[in-house]
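K.L.:
Kindly return the folded structure for what I paste below:
(one chain, ligands or ions: 1)
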Amino acid sequence: MAAQRVQLIPSPEEIMKILTKTGAFREGHFVYPNGKHTAHYFQMPLAFRYYDTARVLAVALSRKFRVDRDIASQLPKVSIISPSSGGIPVAFGVRDALSAQQIYWAEQEGGKRMFRQYVNQGDINPCIIVDDIIRSGAAIEETVDLVRSLGAPIIGCGAIVRFTSAPDKIDGVPIKSLVEFDERFYDSADACEDCKAGSPEEHVRF
Ligand SMILES: [Zn+2]
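P.N.:
Below is the predicted model of the structure:
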């Protein structure tokens, strides 16, 4: 029975509990650099600073890939790709759980997302792109272009949290996530309920 329970994917409510407890999910009155206001903020690396929590989250996401026959049949010759530094611990955790062979991550260089030089040398495996959070989907979309430039097929895509306003599919591949979060953004202070209520605002970075 215990072994069976270990195999389950935690519910979105359980994942949100972990994110809240670690401070990765915050409620309040937040203003993004683009001027949008919102009542919630995710700072995902706060959940990944605890090794045990990081492991639970990454293993849970890996199970969503493991149950996909097309993906499972290609293991271990698969690359796990992160679009940014925030996705690196997710990529390492998912790789570990799936015993996939390779990990790559993209970085911002001069305002452009790119892989490290010479990363296109050697065997290029089919790719699974993973991130900690998908807010707009822009980072994933840029990473899809990078992976295409390597000549590798994309067989999976996922994140711990996906905003429901982001795409649910990329390059024909469904995006898997542990939490689908229906985030509400106010375009300006005039439209913001928390501003109207006079609650103090916190400025946050992406
Ligand atoms: Zn506001």
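K.L.:
Tell me the gap between stretch 17-33 and the middle of its chain.
P.N.:
A distance of 15 Å separates the centroid of the chain from that of stretch 17-33, by CA atoms, centre = their mean, to the nearest Å.
K.L.:
hang on, I meant stretch 180-196
P.N.:
23 Å.
K.L.:
Please identify the buried residues of it?
P.N.:
Buried residues in stretch 180-196, counted by 16 or more other CB atoms under 10 Å: 181, 183, 185-186, 192, 194-195. In short, each C-beta sits where N, CA and C put it, glycine included.
K.L.:
and if you look at stretch 90-98?
P.N.:
Judged by neighbour count (16+ other CB under 10 Å), stretch 90-98 contains these buried residues: 90-95, 97-98.
K.L.:
Show the average pLDDT along it.
P.N.:
On average, the pLDDT along stretch 90-98 is 97.
K.L.:
Name the residues that touch that stretch?
P.N.:
Applying CB atoms under 8 Å, 6 or more residues apart in numbering, the external contacts of stretch 90-98 come out as 48, 54-55, 57-59, 61-63, 65-66, 75-76, 78, 80-82, 100, 102-103, 105, 128, 130-132, 158-160.
K.L.:
Just the buried ones out of these, please.
P.N.:
Buried members of these, scored by 16+ other CB under 10 Å, are 48, 54, 57-59, 61-63, 65-66, 75, 78, 80-82, 100, 102-103, 105, 128, 130-132, 158-160.
K.L.:
In strands only, show me the residues you listed.
P.N.:
Cross-referencing the buried ones among the contacts of stretch 90-98 against strands under DSSP state E gives 80-82, 102-103, 105, 128, 130-132, 158-160.
K.L.:
For the chain, just list every one of the helices.
P.N.:
2-7, 12-21, 45-48, 51-66, 69-72, 88-98, 138-150, 193-196 (DSSP state H).
K.L.:
Give me the distance between the closest residue to Leu57 other than its chain neighbours and Arg113.
P.N.:
The shortest distance from Leu57 to any non-neighbouring residue, by CB to CB, 6 or more residues apart in numbering, is to Ile160 (5.3 Å). Per CB to CB, to the nearest Å, Ile160 is found 20 Å from Arg113.
K.L.:
Is it possible to get TSV of the buried residues of stretch 90-98 that adds distance to Gly35?
P.N.:
Compiled in TSV, the buried residues of stretch 90-98 are given as follows (distance: CB to CB, whole Å):
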residue	distance to Gly35
Val90	29
Ala91	31
Phe92	35
Gly93	34
Val94	34
Arg95	37
Ala97	39
Leu98	40
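K.L.:
which of these lies closest to the ion?
P.N.:
The ion has its nearest neighbour among the buried residues of stretch 90-98 in Val90, at 30.3 Å by CB to the ion.
K.L.:
In space, what's closest to that closest one - neighbours in sequence excluded?
P.N.:
Spatial nearest neighbour of Val90, excluding adjacent residues (CB to CB, 6+ apart): Val130 at 4.8 Å.
K.L.:
list the contacts for that neighbour?
P.N.:
Contacts of Val130 (CB under 8 Å, 6+ apart): 61, 80-82, 87, 90-91, 94, 157-159.
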